[in-house]
Structures are given as C-alpha cells and as structure tokens.
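>>> compute the structure for the input listed below.
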Amino acid sequence: MTKHTPLFATAKTAASLLEMKETEFLALVKDGALPQAAKFDRWDVEQLQKAMRGDLIDGLEGTVW
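This next block holds a predicted model:
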C-alpha cells in the first residue's frame, strides 16, 4: 500500500517528517523559526517544506550571503 504525505500534520507527524523530536519541533515553532499551526492544531506541510528550504523569507531577496 502506498503511504501518502499528509497535507496537514499534527505536531508529532510534522516533527517526524522533519526527522526531529516533537519537543525540538515545538521549540522551533515557539522561537518563530518554523510556522505556527494553521487550523485545528495542524501544520501545513507545504509551509513547513518552504520554511526548511528558506522560501518563506520575505524582504531579503537582495541579500548576498
């Protein structure tokens, strides 16, 4: 049976998708490094992917790293 990646994930599942402990995931959310839950205490997996890729950074397009 094919396993599907969820569109929205609980903190436990989101942490698992990012290969980290749930406590580490929630700490990064609290610190603002990862987005807050969307609705119903679920995280938008697409937004988490964008955050991990750095695609959610806004206003720094001209910055040379």
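>>> output the lowest mean pLDDT helix or strand found in the chain.
None of the helices or strands of the chain scores lower by mean pLDDT, DSSP states H and E than helix 45-53, at a mean of 94.
>>> name the residues of it that come out as buried.
The neighbour-count check on helix 45-53 (16 or more other Cβ atoms under 10 Å) flags 45, 47-48, 51 as buried. Where C-beta positions appear, they are placed from N, C-alpha and C, glycine not excepted.
>>> starting at the chain centroid, how far to it?
Its chain's C-alpha centre and that of helix 45-53 lie 5 Å apart, by Cα atoms, centre = their mean, to the nearest Å.
>>> going forward, count from 25.
OK, 25 is where the count begins now, so the last one is helix 69-77.
>>> can you list contacts of it?
29-33, 38, 41-42, 57-59, 62, 80 (Cβ atoms under 8 Å, 6 or more residues apart in numbering).
>>> now swap in stretch 43-62 and tell me
Under the contact criterion Cβ under 8 Å, 6+ apart, stretch 43-62 has outside partners 32, 35-36, 38-39, 42, 67-68, 71-72, 75, 80.
>>> related to what we said a few turns ago, can I get the contacts of helix 69-77 in a markdown table including distance to residue 50 and neighbour count?
Formatted as a markdown table, those follow (distance: Cβ to Cβ, whole Å; neighbours: other Cβ atoms under 10 Å):
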| residue | distance to residue 50 | neighbour count |
| --- | --- | --- |
| 29 | 20 | 10 |
| 30 | 18 | 13 |
| 31 | 20 | 10 |
| 32 | 16 | 18 |
| 33 | 13 | 20 |
| 38 | 9 | 24 |
| 41 | 14 | 17 |
| 42 | 12 | 19 |
| 57 | 11 | 11 |
| 58 | 9 | 21 |
| 59 | 12 | 16 |
| 62 | 15 | 14 |
| 80 | 18 | 13 |
